[in-house]
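Novice: no sequence on this one, just coordinates:
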């Protein structure tokens, strides 16, 4: 480093030919560089002004990768369940770290994130997935702002692709009845009957225990779910994410009538399993060893049954959509459907199934005609 000449203070020329300007700020030395001393001084003065106005902050250097991993594993995981944690780890690993991990955290800009969203859309990623990725990144960076690590959230004002509302692939009431009928005698029969009559999620059904079935009051208590997590296998969560997820659903008479037959089926497969049977779970829908049924196996068997009645493949979750749509079409109060599905508010239910309501408008017109004719 060359000696500073008298009167230049903290502005000097380096051996590499660049000019440098430095100053102390709150006990830390700040240095900025330029082609000339004037340029270096101007950069330093502008940066110091930004510091004083809170536009930038001084923090230890860290990459986006280091920050996101620390945030998820040491902070955010305390607020979420194990399923969400697994999903967020996958999002970091598959999308965010490959795209931004190498950058210094304070170098990540809105332009980086905007370009990322466009590239993901062009690669065929669904808009809803892009929204979810952006939401996770934005939450992480919002905490960085709150904790004084960043001056502003670069996710703000990013333009996201418009989400297209999916038209649900659902069974009609006739198709649903036919599916349950053709499944009779198969291990999925009672599962399909409950899925279509209760609208419960597949994870909620597969985790049901007999203690949850209240035959006397003809209802089932939903208060747990099971999910498959990479590296951990089948993991049960005992409490739903929201209070509305813990609910009581009144059972159809067909379900109550089918309980005896389901228990007889379980008795037969338990006898076949012998000592390999896991009797601790007491599941309503066990596999051949008394443990949780595999979702993939359920999905595969469902496709076989659908093919028998000449229907295209359906996802297991679409049985839940089918249940809701059948009830909407039958004129059931949306509030009742919301409570049955375990949605946190009526807006969610109407947002998902509102496309069924226009078909019911003629019924409303008929009621008004009867009143005012």
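Specialist: Looks like it came in fine. Values in this document were obtained by computation on a predicted structure and should not be read as measured data. Residues are numbered from 1 along each chain as shown.
Novice: Going by C-alpha atoms from here, please, whenever you check contacts or count neighbours.
Specialist: Noted.
Novice: List the buried residues of stretch 40-50.
Specialist: The neighbour-count check on stretch 40-50 (16 or more other Cα atoms under 10 Å) flags 40, 41, 42, 43, 44, 45, 47, 48 as buried.
Novice: Go through those residues and say which is closest to residue 229.
Specialist: Comparing these against residue 229 with Cα to Cα picks out residue 47 as the nearest, at 46.8 Å.
Novice: The buried residues of stretch 40-50 into a markdown table, with extra columns for secondary structure, pLDDT and distance to residue 131?
Specialist: Formatted as a markdown table, the buried residues of stretch 40-50 follow (DSSP: H, G, I helix; E, B strand; the rest coil; pLDDT from 0 to 100; distance: Cα to Cα, whole Å):
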| residue | secondary structure | pLDDT | distance to residue 131 |
| --- | --- | --- | --- |
| 40 | helix | 89 | 41 |
| 41 | helix | 91 | 42 |
| 42 | helix | 91 | 40 |
| 43 | helix | 88 | 37 |
| 44 | helix | 89 | 38 |
| 45 | helix | 89 | 39 |
| 47 | helix | 85 | 34 |
| 48 | helix | 87 | 36 |
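Novice: contacting residues around whatever helix or strand residue 302 lives in?
Specialist: Using DSSP states H and E, residue 302 sits within helix 295-308. Applying Cα atoms under 8 Å, 6 or more residues apart in numbering, the contact partners of helix 295-308 are 179, 182, 183, 188, 312, 313, 314, 315, 316.
Novice: Only the buried subset of those residues, as a ChimeraX command please.
Specialist: Of those, the buried ones go into a single ChimeraX selection, burial set by 16+ other Cα under 10 Å:
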select :179,183,188,316
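Novice: Mind checking which of the contacts of helix 295-308 land in helices?
Specialist: 179, 182, 183 (DSSP state H).
Novice: right, and the first one touches residue 309 too?
Specialist: Yes. Using Cα atoms under 8 Å, residue 179 and residue 309 qualify as a contacting pair, with a distance of 7.2 Å.
Novice: Quickly find the element holding residue 102.
Specialist: Per DSSP H and E, there is no helix or strand for residue 102.
Novice: whoops, residue 200 was the one
Specialist: Short version, using DSSP H and E: residue 200 is in no helix or strand.
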